[in-house]
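Q: Here's a sequence, model it:
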Amino acid sequence: MKYSTIAVIYGSDSSEWEVSVRSGEFTSSRIDGQLYDVYEIFARFGQWSVAAYRKRNSMRVVFPKDERPQIDKTDFSAVVEGQKVKFDYVYIMQHGTPGENGLMQGYLEMLGIPHSGCNAFVSAVTFDKFSCKSYLKDVDYVKCADDMFIRKGESLDGLAQKAVAKLGLPMFVKPTDGGSSFGVTKVKTEADFDRAVEYAFSEGNMIMAEGAIVGRELTCAVYDNGKNTIALPVIEIISDNEFFDYEAKYNGHSREVCPAQIPDSLRDEIQEVSRKIYAHFGCSGLVRVDYISSAEGLYFLEVNTIPGMTAASLVPQMVRAAGMDMTNFLTSIIENS
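A: Okay, here's the model as predicted:
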């Protein structure tokens, strides 16, 4: 093995921090305990500490909150049970800032510590939905819905009318740099626009309005196995709600069909487009790409460079559908990062 001591860092400075904890704990539990020592690091608003650890072939040890060893940020190490531990590799499971927008990646890269997923630049570009779409607007293999960028502090006078004229109704208003559908509104009337903008700004300083595309929501994850770029089985997401919002994602108000019951030609197209997007951005590790398949073609929604990894999340479902063991899959991600 290239690495022996793995740190899984979870928690975040965003509204997604609780989801991140669940993803991180699941990931930690599935990393091969015969190959690696695994340390779980909870990080939120600058307070980084070891929440638990599991030595090879041993049981997991959990620290009480007030007794957690603190991380020394000068070299990303910790003193655990009297021994200084330096980590060979970091598996980043922070949804939102600082783990998904390039800040954590930049910190680790400056220290020379290998980590999962994309580098700092790619993470920053793909995390911002408007920037990410801008990189794809001229490609010929996937479509992008019309959109409009709005920064906090800009005048909203006449913006609702302008948005409706450009994007039509319904439309979505969302933060450009958030996840888990926090701050997202499906706007059905012009009168609802300003309230949706205010709600989106509660999550960040940059938002976007985007034309709604009618179709089937589909998603596909891609990873590098050291030899090839592999696309996992496609999943169709069928929400009970207006869209795939937080309630639908995490509280059982949706169905996820894996593998998606779609024509082989559409499955092959989505997998090939996902590989092309992975290469276009220069991604590494594991990413998930979301789409809407409409009568007009395949529309890109977003790239998730740190997709959810709870037991019920989309990527573990894809891994199971591909006939792979989750532990072996994570070993491949770690060793080929």
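
Q: Secondary structure element for residue 256, which one?
A: Under the criterion DSSP states H and E, the helix or strand holding residue 256 is strand 254-257.

Q: what does stretch 150-159 contact?
A: By CB atoms under 8 Å, 6 or more residues apart in numbering, the surrounding residues in contact with stretch 150-159 are 193-194, 197, 201, 204-209. Where you see a C-beta, it was placed from the backbone N, CA and C, and this is true even at glycine.

Q: Point out the least confident one among these.
A: Lowest pLDDT among these: residue 204, with 83.

Q: The contacts of stretch 150-159 into TSV, with extra columns for neighbour count and distance to residue 15?
A: As requested, those are arranged in TSV below (neighbours: other CB atoms under 10 Å; distance: CB to CB, whole Å):
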residue	neighbour count	distance to residue 15
193	23	22
194	14	22
197	20	18
201	18	13
204	19	10
205	12	15
206	19	16
207	29	15
208	19	18
209	26	20
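
Q: Looking at the residues you listed, which are in helices?
A: In helices, defined here by DSSP state H, the members of the contacts of stretch 150-159 are 193-194, 197, 201.

Q: so what strands line up beside the strand holding residue 256?
A: Looking at strand 254-257 with DSSP bridges, its partner strands are strand 235-239 (antiparallel).

Q: Which positions within the helix ranked longest in the chain qualify as buried?
A: The residue-count maximum for a helix in the chain (DSSP H) belongs to helix 264-281. Neighbour counts using 16 or more other CB atoms under 10 Å place 266-267, 269-271, 273-278, 281 of helix 264-281 among the buried residues.

Q: mean confidence for that helix?
A: 98.

Q: Distance across stretch 92-101, terminal residue to terminal residue?
A: Here the two ends of stretch 92-101 are set 11 Å apart, with distance taken as CA to CA, to the nearest Å.

Q: how far does it sit from the chain's center?
A: Centroid displacement of stretch 92-101 relative to its chain, using CA atoms, centre = their mean, to the nearest Å, is 8 Å.

Q: circling back to that earlier point, pull the distance from the strand holding residue 256 to the chain's centre.
A: Averaged over its C-alpha atoms, strand 254-257 has a centre that lies 18 Å from its chain's centre (CA atoms, centre = their mean).

Q: How about stretch 268-280?
A: For stretch 268-280, the distance to the chain centre is 17 Å (CA atoms, centre = their mean).

Q: Need the CA coordinates for that stretch. PDB is fine.
A: What follows is stretch 268-280, C-alpha atoms only, in PDB (Å, rounded to 0.1, in the frame of the first residue of the first chain):
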ATOM      1  CA  ASP A 268     -24.300   5.000 -22.700                       C
ATOM      2  CA  GLU A 269     -24.600   8.700 -23.500                       C
ATOM      3  CA  ILE A 270     -24.700   9.700 -19.900                       C
ATOM      4  CA  GLN A 271     -21.700   7.600 -19.000                       C
ATOM      5  CA  GLU A 272     -19.700   8.900 -21.900                       C
ATOM      6  CA  VAL A 273     -20.600  12.500 -21.200                       C
ATOM      7  CA  SER A 274     -19.700  12.000 -17.600                       C
ATOM      8  CA  ARG A 275     -16.200  10.800 -18.600                       C
ATOM      9  CA  LYS A 276     -15.800  13.700 -20.900                       C
ATOM     10  CA  ILE A 277     -16.800  16.200 -18.200                       C
ATOM     11  CA  TYR A 278     -14.400  14.500 -15.800                       C
ATOM     12  CA  ALA A 279     -11.600  15.000 -18.300                       C
ATOM     13  CA  HIS A 280     -12.700  18.500 -19.400                       C
END
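
Q: Need the per-residue pLDDT for residue 245.
A: Reported pLDDT at residue 245 in the predicted model: 48.

Q: same question, residue 178
A: Per-residue confidence at residue 178 stands at 64 (pLDDT).

Q: Same list (the buried residues of helix 264-281) but as JSON lines, adding distance to residue 118.
A: Written out in JSON lines, the entries for those read as follows (distance: CB to CB, whole Å):
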{"residue": "266", "distance to residue 118": "27"}
{"residue": "267", "distance to residue 118": "25"}
{"residue": "269", "distance to residue 118": "24"}
{"residue": "270", "distance to residue 118": "20"}
{"residue": "271", "distance to residue 118": "19"}
{"residue": "273", "distance to residue 118": "18"}
{"residue": "274", "distance to residue 118": "14"}
{"residue": "275", "distance to residue 118": "15"}
{"residue": "276", "distance to residue 118": "16"}
{"residue": "277", "distance to residue 118": "12"}
{"residue": "278", "distance to residue 118": "10"}
{"residue": "281", "distance to residue 118": "8"}
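
Q: Since that was my last question, I'll sign off now.
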